[in-house]
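[1] Predicted structure and sequence below. I'll ask about it afterward.
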Amino acid sequence: MIVYEFKVKGKDKQYRAIDEAIRTSQFIQNKCLRYWMDNKNVGRYDLNKYCAVLAAEFPNASELNSMARQSAAERAWSAIARFYDNCKKKVKGKKGFPKFKKHCRSVEYKTTGFKLSTNRKAITFSDKKGIGTLKLKGTYDLNFYDIKQIKRVRLVRRADGYYAQFAIDVEIKVETQPTLQVVGIDLGLKYFIADSKGNVEPSPQFYRSSQKQLNRANRKKSKKFSPAKKKAKVRQSSNYHKARNRYARKHLRVSRQRKEYCKRVAYSVIQSNDLVAYEDLSVKNMVKNRHLAKSISDAGWSTFRSMVRIFWA
């Protein structure tokens with residue numbers, strides 16, 4: 001399974017329709033979670049059936065594609081299943097009891113509810129949300145794959161716009177020659193990684209290098225915030241939301257830089273060695289140290305380890 005991502009271009013009316021579809025998906029997910037809490041012995045298929053009940057009861061739910069409703073129910077069930085697994089494994093501390101979502105940023109369609117254009121450069125959503133036809137901007141070419149291979153399409157809202165992700169069912173085999181090399185990796189803060197052969201990869205510290213710009217953008221955002229409007233439950237000014245979006249885009253740029261760097265280093269390590277050993281760090285617990293939390297988060301240990309597992313598979 002591979003995922004291709006495109007930036008989508010449309011009109012403001014279409015973007016508002018995407019936001020409405022995301023809110024509806026969040027609504028269904030939270031309703032399914034409440035249904036599980038209020039009833040005993042509720043399983044995955046019970047939540048899928050409950051989507052039809054929600055569609056009959058709420059007009060906004062009926063406007064969303066049936067497969068998208070089931071996808072929202074599957075998200076709720078994935079959180080429930082993870083909670084069950086943690087309880088069975090007797091994980092120490094909190095078991096991750098499912099929580100209601102407040103800020104969802106995506107809606108997922110499965111095999112229906114969308115149609116690609118002939119040249120695969122545009123996608124049309126056919127449900128009653130009114131999203132319509134969106135142009136796809138990207139370097140990937142979907143013409144290499146059959147429509148039946150596209151198992152899911154996800155619309156994602158980010159600070160710099162809206163994106164469409166295509167999950168394609170395809171097997172990719174990369175033929176490599178054995179290197180007969182074994183390496184042990186140590187993750188650090190002063191350096192990114194140091195291996196058992198004496199090689200050291202420097203830590204770029206993307207957040208530290210952009211911290212002045214981030215703090216300046218955060219101050220500008222705070223100056224436009226009105227506590228009186230929050231107390232009166234009135235929407236903040238347009239200037240505040242613009243400053244908030246600029247601040248979010250800067251954070252998004254830092255996270256993308258970190259992810260690309262971790263991806264490049266992980267791919268290089270996997271290609272150069274037949275066996276890679278690294279320490280099993282509990283990053284979630286380590287960031288509780290208030291003196292080192294910022295440096296640990298900036299290092300991107302979890303991202304690097306996840307990339308190593310992905311490339312190894």
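    Perfect, thanks for sending it. Numbers count the residues shown, from 1 in each chain.

[2] who touches the helix or strand of the chain with the lowest mean pLDDT?
    Here the helix or strand of the chain ranked lowest by mean pLDDT, DSSP states H and E is helix 283-286, holding a mean of 81. Identification of contacts with helix 283-286 by Cβ atoms under 8 Å, 6 or more residues apart in numbering yields 292, 296, 301-302. Any C-beta I mention is one placed from the backbone N, CA and C, and that applies to glycine too.

[3] just how off-centre is that helix within its chain?
    20 Å (Cα atoms, centre = their mean, to the nearest Å).

[4] moving C-terminal of that helix, what's the next helix or strand?
    helix 293-299 (DSSP states H and E).

[5] helices or strands up against that next one?
    Using 3 or more Cβ pairs under 8 Å, 6 or more residues apart in numbering; DSSP states H and E as the contact test, the elements touching helix 293-299 are helix 206-209.

[6] Between the two ends of stretch 268-287, what distance do you get?
    Criterion Cα to Cα, to the nearest Å; first-to-last residue distance in stretch 268-287 is 27 Å.

[7] so where do the helices sit in the stretch 201-313 of the chain?
    Taking DSSP state H, counting those that start in this stretch as the test, the helices found in the stretch 201-313 of the chain are 206-209, 211-223, 227-231, 238-272, 283-286, 293-299, 301-312.

[8] Mind putting those helices into CSV with distance to E74?
    Listed next are those as CSV, based on distance: least, Cβ to Cβ, whole Å:
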stretch, distance to E74
helix 206-209, 34
helix 211-223, 35
helix 227-231, 35
helix 238-272, 25
helix 283-286, 25
helix 293-299, 30
helix 301-312, 22
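
[9] And for E108, the neighbour number?
    Per other Cβ atoms under 10 Å, the neighbour tally for E108 reads 22.

[10] show me the contacts for it.
    Per Cβ under 8 Å, 6+ apart, neighbours of E108: 25, 68, 71-72, 75, 152-155.

[11] Just name the closest of those to K288, please.
    R75 (27.4 Å; Cβ to Cβ).

[12] Okay, and the closest one sits in which element?
    helix 66-88.

[13] Contacts made by that helix with the rest, please.
    With Cβ under 8 Å, 6+ apart as the criterion, helix 66-88 contacts 21, 25-26, 28-30, 32-33, 36, 44, 47-48, 50-52, 54-55, 61, 95-99, 107-113, 127, 152.

[14] let's see it at 6 Å
    Surrounding helix 66-88, the residues in contact under the criterion Cβ atoms under 6 Å, 6 or more residues apart in numbering are 25, 28-29, 32-33, 36, 44, 47-48, 51, 95-98, 107-110, 112-113.
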